[in-house]
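Asks: no sequence for this one, just the structure:
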């Protein structure tokens, strides 16, 4: 019975996201803006331009209003990319962002302390500190790790594992690539 409930919860249909600017339902056909490892879509044209002017403000407003406006590209517990269609652990909404999970255990871990796992970093490096190469976009990253207030994105899962073993050694390789999170348009599949 518990297993059946867990599977039902994991496969539940997620509520529609809200447009971060207008607050109504976001269109599945809208442009997508990436920011801080999260994908945002909109109700209509023009909202993306407004969102890009001050994404922090719109995310804070959504959190205050109890609306979910974006979907994280990553399972926040494993820090690995997640395909929401294959997220066996279901999802949780926290401070305006929807997070999907690879397992029910990861979802339970997140739900106990969402502030620990659901925070968006103030600094980031879209540059793999292990392989010393640029990471084109959040949706192309092989994972991430947080170290001393910066989120480091990796080119592949193997680099993530190496970084976690000795972050101080590798973090220095990203010097010059650490910046405030910036918005970017999601590119269509290559």
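Replies: That came through fine. Fair warning: this is a prediction, and the values are worked out from it, not measured in the lab.

Asks: which residues are contacting the longest helix along the chain?
Replies: The single longest helix within the chain, with elements called by DSSP state H, is helix 55-65. If you take CB atoms under 8 Å, 6 or more residues apart in numbering as the criterion, helix 55-65 is touched by 18, 20-21, 23, 33, 35-36, 40, 51, 68-70, 95-97, 120, 181, 183. Every C-beta, even on glycine, is put in place using the N, C-alpha and C of the backbone.

Asks: do the same with stretch 44-52
Replies: By CB under 8 Å, 6+ apart, the list of residues contacting stretch 44-52 from outside reads 19-22, 27, 30-31, 33, 40, 42, 58, 183, 185.

Asks: redo those residues as a markdown table? Include distance to residue 158 and secondary structure.
Replies: Below are the contacts of stretch 44-52 laid out as a markdown table (distance: CB to CB, whole Å; DSSP: H, G, I helix; E, B strand; the rest coil):
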| residue | distance to residue 158 | secondary structure |
| --- | --- | --- |
| 19 | 38 | coil |
| 20 | 34 | coil |
| 21 | 39 | coil |
| 22 | 42 | coil |
| 27 | 37 | coil |
| 30 | 34 | coil |
| 31 | 33 | coil |
| 33 | 29 | strand |
| 40 | 29 | strand |
| 42 | 36 | coil |
| 58 | 35 | helix |
| 183 | 29 | coil |
| 185 | 29 | strand |
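
Asks: which of those has the most neighbours?
Replies: Scoring the contacts of stretch 44-52 on neighbours with other CB atoms under 10 Å, the highest-scoring entry is residue 40 at 31 neighbours.

Asks: so which residues of this protein form strands?
Replies: In the chain, strands defined by DSSP state E lie at 32-35, 38-41, 70-72, 74-75, 80-81, 91-94, 97-100, 123-125, 127-128, 133-134, 143-147, 150-154, 178-179, 184-185, listed in chain order.
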